[in-house]
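Trainee: sequence and predicted structure below; questions after.
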Amino acid sequence: MQRPTYALINGNILKENIIEIKKNYPEYEYYIGVVKNDAYHHGIYVINDLIKGGVNYLAISSLEEAIKVRKINKNIPILCLEVILLDYLDLIIKYNITITIESLTYLKKLLAKDFNGLIKVHLAVDSGMHRLGFDSKKNLTEAFYLLKESKNLFLEGIYSHFATSGIKDPYYDYQLNKFIELTNDIHLEEIPIVHLGRSRTLVEHKKPNFCNGIRLGIVMYGFNQSLDINYDSLKGKYQFWKIRKMQKKFRCSPTTITNCLKVKPAYILYSQIMSRRKVKVGDFVGYNANYFIKTSGYIYTICIGYADGVDKKFDYVLINSKKCKIVADCMDMLLVFSQNKYEVGCKVEIFGEQRSIKDVCRTLNINAYHLFNQISNRVTKVYVNKDKIKEI
Ligand SMILES: Cc1ncc(COP(=O)(O)O)c(C=O)c1O
């Protein structure tokens, strides 16, 4: 690592998260780890930790991602959630990738192709997200029977995706009922894997009895999706009214509030002090001389900037456990102010250890999905597990 700016990824924590999830929710047969965009930017290398923890299927976005994953693990089944271009059937067969069938038109084009080998497919059902999938019962039923007759395609799974859950429950219920209605004329029990839920659904809703799979995303990476309301700490009448108020605000049902899942984030972002200079009252700092020094102290130049996904909006960084205000940002550097004197080369925490990811998300008014994905690929990932450290 030539630049001392890195994300420290702890594979063991991810493994423990899966163990904890399976301990709390043992009722599924298929725990499908969603490892899109390099495992929510943790680095694709972590998939083996997820598998060790008990994930027994993976889901990714594109064929490119699927091939990358297959090179790391030869055996785990991999489902592509995006629609794959039919020009690449040879790669799908070669790398044993399960594909999504999202419409009758697509299926008919696939059936018209001349290819050798068997392809596993999952049917996507649009129950209300309106992104991908069958939204017509007639077409879905026709697809089911066409697949039953096919010699080259094996209908291994069927799934849908919830737009909401935990909050805005009526829409969750609507989607569930819509799925049931759309699949009324097919034999769900003949399809080996039925998976509807995602992280939030897992923790906020009971497993529908016809489902045997769950897609785990953000929960695996340490976010239990709880609404952060500790009802037990509220007493008597106040507790009753508080619950009523929250249910109204988030339109959630009494069963969809908290969970006691103990999962932990496994991602810490660090950088380093690259330079230090003394500044006095009246000095200006940064582009456009935007920041005006009101008390004398030091400006520290940190080797991380908005090209890495970190800018002034993060508000502060931690040096020696002390908050230091970010006063200016540049493409590759941040300028932070402190009255304390620190040495060049000193480690700087951006987030993840003493500053929680939740806190950064609150400051930036984004969620953890966006935060992970906004850290750019040029930030080196350092993977740690019990006994090994590796740059990825
Ligand atoms: C189809 C599908 N399933 C599951 C997930 C995982 O979602 P979550 O991280 O909320 O569990 C995603 C996330 O992008 C998705 O697109």
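Mentor: Great, that's in hand.
Trainee: what helix or strand does V317 sit in?
Mentor: Following DSSP states H and E, one finds V317 within strand 316-319.
Trainee: how is the protein divided into domains?
Mentor: Domains of the chain are assigned by automatic domain parsing as 11-226, 267-355.
Trainee: show me how far the last one is from its chain's centre.
Mentor: Translated: domain 267-355. The chain centroid and the centroid of domain 267-355 are separated by 28 Å under C-alpha atoms, centre = their mean, to the nearest Å.
Trainee: how long is it end to end?
Mentor: Start-to-end span of domain 267-355 (C-alpha to C-alpha, to the nearest Å) is 12 Å.
Trainee: next: stretch 200-210.
Mentor: So stretch 200-210: terminal residues 18 Å apart, C-alpha to C-alpha.
Trainee: name the residues of it that are buried.
Mentor: R200, T201, L202, V203, E204, H205, K207 (16 or more other C-beta atoms under 10 Å). C-beta coordinates here come from the backbone N, C-alpha and C atoms, glycine included.
Trainee: for the nearest residue to H187 once chain neighbours are set aside, what are its contacts?
Mentor: With C-beta to C-beta, 6 or more residues apart in numbering as the criterion, H187 has its nearest non-adjacent residue at 7.6 Å, and that residue is F144. Applying C-beta atoms under 8 Å, 6 or more residues apart in numbering to F144 gives the contacts L123, L155, I186, H187.
Trainee: so which two of the residues you listed are the farthest from each other?
Mentor: Farthest pair in the contacts of F144 (C-beta to C-beta) is L123 and H187. Separation: 12.5 Å.
Trainee: circling back to that earlier point, TSV for the contacts of F144, including pLDDT?
Mentor: Shown next, in TSV, are these (pLDDT from 0 to 100):
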residue	pLDDT
L123	98
L155	98
I186	97
H187	96
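Trainee: neighbour count winner among L123 and H187?
Mentor: More crowded of L123 and H187, by other C-beta atoms under 10 Å: L123, with 24 against 10.
Trainee: any idea whether the more buried one is helix, strand or coil?
Mentor: When classified by DSSP: H, G, I helix; E, B strand; the rest coil, L123 comes out as strand.
Trainee: got it, and K278?
Mentor: K278 is classified as strand under three-state DSSP.
Trainee: quick one: residues contacting the closest residue in space to it that isn't next to it in sequence.
Mentor: Nearest non-adjacent residue to K278, counting by C-beta to C-beta, 6+ apart: Y298, 6.0 Å away. Residues near Y298 by C-beta under 8 Å, 6+ apart: R276, R277, K278, V279, F337, S338, Q339, N340, K341, Y342.
Trainee: let's see that with 10 Å instead.
Mentor: Residues near Y298 by C-beta atoms under 10 Å, 6 or more residues apart in numbering: 273, 276-279, 324, 336-342.
Trainee: which of those lies closest to D135?
Mentor: Among those, and counting by C-beta to C-beta, the member closest to D135 is V336, at 50.9 Å.
Trainee: could you pull up phi and psi at that closest one?
Mentor: phi -120, psi 150 (degrees, to the nearest 10).
Trainee: so it makes contact with Y316?
Mentor: Yes. Judged on C-beta atoms under 10 Å, V336 makes contact with Y316 at a distance of 7.4 Å.
Trainee: what do those two both touch?
Mentor: K323, C324, K325, I326, V327.
Trainee: tell me what I214 is bridged to.
Mentor: Bridge pairing for I214 (DSSP bridges) gives the partners Y31, G197.
Trainee: follow-up on the earlier one: neighbour count for V336 and Y316, which is higher?
Mentor: Neighbour totals were compared for V336 and Y316, and V336 leads with 26 against 18 (other C-beta under 10 Å).
Trainee: from K137, how far out is the nearest residue to that one once chain neighbours are set aside?
Mentor: Nearest residue to V336, sequence neighbours excluded (C-beta to C-beta, 6+ apart): C324, at 4.3 Å. Per C-beta to C-beta, to the nearest Å, C324 is found 59 Å from K137.
Trainee: neighbour count winner among the two?
Mentor: The neighbour count for C324 versus K137, taken as other C-beta under 10 Å, is higher for C324 (24 against 16).
Trainee: right, and the more buried one touches I350 too?
Mentor: No. In this structure, C324 is not within contact of I350 by C-beta under 10 Å, at 11.2 Å.
Trainee: show me the contacts for the residue in the stretch 101-250 of the chain that the ligand sits nearest to.
Mentor: At 2.0 Å from the ligand, G217 is the closest residue in the stretch 101-250 of the chain, using C-beta to the nearest ligand atom. For G217, the contact set (C-beta under 10 Å, 6+ apart) comprises 32-36, 39-40, 59, 198-200, 202, 223, 225, 369.
Trainee: got it, and F179?
Mentor: With C-beta under 10 Å, 6+ apart as the criterion, the residues that contact F179 are 125-128, 133, 158-160, 162, 188, 194, 196, 208, 210-211.
Trainee: need phi/psi at S61.
Mentor: Given degrees, to the nearest 10, the pair of backbone angles that S61 has is phi -90, psi -60.
Trainee: that one contacts I78, correct?
Mentor: No. Taking contacts as C-beta under 10 Å, S61 lies outside contact range of I78: 11.1 Å.
Trainee: now for these two: what residues contact both?
Mentor: Residues touching both S61 and I78 by C-beta under 10 Å, 6+ apart: V35.
Trainee: tally of neighbours for the closest residue to L104 other than its chain neighbours?
Mentor: Nearest residue to L104 in three dimensions, chain neighbours excluded: N139, at 4.2 Å (C-beta to C-beta, 6+ apart). Using other C-beta under 10 Å, the number of residues around N139 comes to 15.
Trainee: and the stretch 101-250 of the chain, which residues reach the ligand?
Mentor: Contacts of the stretch 101-250 of the chain with the ligand, taken as C-beta under 6 Å from any ligand atom, map to H161, R198, S199, R200, R215, G217, I218, V219.
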